[in-house]
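[1] Fold the following.
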Amino acid sequence: MIHWRVGAGLGLVVLATGCIDNGVHAARSSNVGVVLGDFDDITTSLVALNIASEPWDGFVVQATYEPEDDRLHRGEMALQAEALLTDTEGDLDLDNYGTLFISSGTRGLGVAQYNDGTAPDNGIISNTEPLGHVCDFGDQDRLLVATDWAYDLIEFCWPDAIEFVGDDAQIDAAQTGVAGLDVLATVNDETLRADVGEVVSITYDYSAWTVIESVGKGSEVLLSGDVSYQASATESATTLTNVPLLVRFPTRAGSVVFSTFHISAQNPTLQQAILLDGMEGLKRDGGGVPDSGGNGG
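    Sure, this is the predicted structure:
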């Protein structure tokens, strides 16, 4: 079934771009943090790999991957995404983690709520100074993973690492992917290919997913394929050939992984292979980037 996310693709100018040097140099940790969004949840796969994680409530409305549970999730959990991603008090919760997942559908990272185009949802992405904490986290000896609609964080912190479709200065501009048949992806990473083969089927379970055109110097394309996107409702779909679907790139001292698709929507074998082979520092029966006793960055 194809799902539609109403309100995707609306534009809003980003106030600033680039990584802000906020002077935070946190001690590395093997702990894993997961910001839960409406469209993606990697915790099930982490549990299967015996990797402990701590969840943060980033729901806009509710977890769409739990359709049998129709109650609203937002605000139910003690740990809220805003406190993690925009903390300005100096006692940063980000310091607790060596690996951080930011899921597609995390509130505060869009122009408007996808289910209500009149309700703003840019509380995190438009707050540029605190966003520097996220950039600093990724630039240290840590692992940051973002999926689909969380791409604006990658655009903000590392604008040269990935070239997304659309206007780089507008929030959500790259959220134009056409949902439909699964995409046959070429597996470019040697380690991942050894586990899943040369070609895999990638499921795009929602419309308006984030589309990449190319990557910058030093970025690795782990999976690539042919995709279609529609820049607006009045334009015809455009096809891009052999473009990146899953990307990894080094930062100043750490590593970032970005997925155009929802990892939780893939079959369990592929999910686990992506986690173990595509994300340096994530270990089965363990956690994130190990504590080596020093300070990152």
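[2] Now the lowest-mean-pLDDT helix or strand in the chain: buried residues?
    Ranked by mean pLDDT, DSSP states H and E, the helix or strand of the chain with the weakest confidence is helix 128-139, at a mean of 86. Buried residues in helix 128-139, counted by 16 or more other Cβ atoms under 10 Å: P130, L131, G132, H133, V134, C135, D136, F137, G138, D139. Just so you know, the C-beta spots here come from the backbone N, C-alpha and C atoms, and that holds for glycine as well.
[3] I'd like to know how far the third one sits from D139.
    This means G132. Per Cβ to Cβ, to the nearest Å, G132 is found 10 Å from D139.
[4] Distance to D57 for the buried residues of helix 128-139 - can I get that in TSV?
    Output for those, formatted as TSV (distance: Cβ to Cβ, whole Å):
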residue	distance to D57
P130	18
L131	19
G132	22
H133	18
V134	17
C135	22
D136	23
F137	19
G138	21
D139	26
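[5] of those, closest to A231?
    Nearest to A231, judged by Cβ to Cβ, of the buried residues of helix 128-139 is L131 at 26.3 Å.
[6] pretty sure the closest one contacts E155?
    No - L131 lies out of contact with E155 (Cβ atoms under 8 Å); the separation is 11.0 Å.
[7] Now the common contact residues for the two.
    Applying Cβ atoms under 8 Å, 6 or more residues apart in numbering, one finds that no residue jointly contacts L131 and E155.
[8] give me the low-pLDDT residue ranges for the stretch 101-250 of the chain?
    Of all residues in the stretch 101-250 of the chain, those with pLDDT under 70 make up the ranges 180-181.
[9] where do the strands sit along it?
    Here the stretch 101-250 of the chain has its strands, by DSSP state E, counting those that start in this stretch, at 112-113, 116-120, 143-147, 162-164, 175-177, 183-187, 199-202, 209-210, 212-215, 220-229, 238-250.
[10] so what's the one residue sitting closest to the centre of the chain up against?
    Residue closest to the mean C-alpha point of the chain, counted by Cα atoms, centre = their mean, is A146 at 1.6 Å. With contacts defined as Cβ under 8 Å, 6+ apart, A146 is in contact with F101, I102, L153, I154, V256, V257, F258, S259.
[11] Run a quick neighbour tally on the fourth one.
    When you say that, I think you mean I154. I154 has 24 neighbours, counted by other Cβ atoms under 10 Å.
[12] before we move on, what about the second one?
    The criterion is other Cβ under 10 Å. On that basis, I102 has 29 neighbouring residues.
[13] can you check the fifth one too?
    V256 is flanked by 25 other residues according to other Cβ under 10 Å.
[14] Over to the first one?
    Other residues within reach of F101 by the criterion other Cβ under 10 Å amount to 32.
[15] show me where this protein has helices.
    In the chain, the helices defined using DSSP state H lie at 43-48, 81-85, 128-139, 151-157, 190-196, 268-278.
[16] returning to that earlier point: kindly format the C-alpha coordinates of the least confident helix or strand of the chain as PDB.
    Extracted as PDB, the C-alpha positions of helix 128-139 are listed here (Å, rounded to 0.1, in the frame of the first residue of the first chain):
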ATOM      1  CA  THR A 128      19.900  27.600  14.200                       C
ATOM      2  CA  GLU A 129      22.100  28.300  17.200                       C
ATOM      3  CA  PRO A 130      21.100  25.200  19.200                       C
ATOM      4  CA  LEU A 131      21.400  23.100  16.000                       C
ATOM      5  CA  GLY A 132      25.100  23.700  16.300                       C
ATOM      6  CA  HIS A 133      25.000  21.100  19.100                       C
ATOM      7  CA  VAL A 134      23.900  18.500  16.600                       C
ATOM      8  CA  CYS A 135      26.600  19.500  14.100                       C
ATOM      9  CA  ASP A 136      29.200  19.300  16.900                       C
ATOM     10  CA  PHE A 137      28.000  15.900  17.900                       C
ATOM     11  CA  GLY A 138      28.400  14.600  14.300                       C
ATOM     12  CA  ASP A 139      31.900  16.200  14.000                       C
END
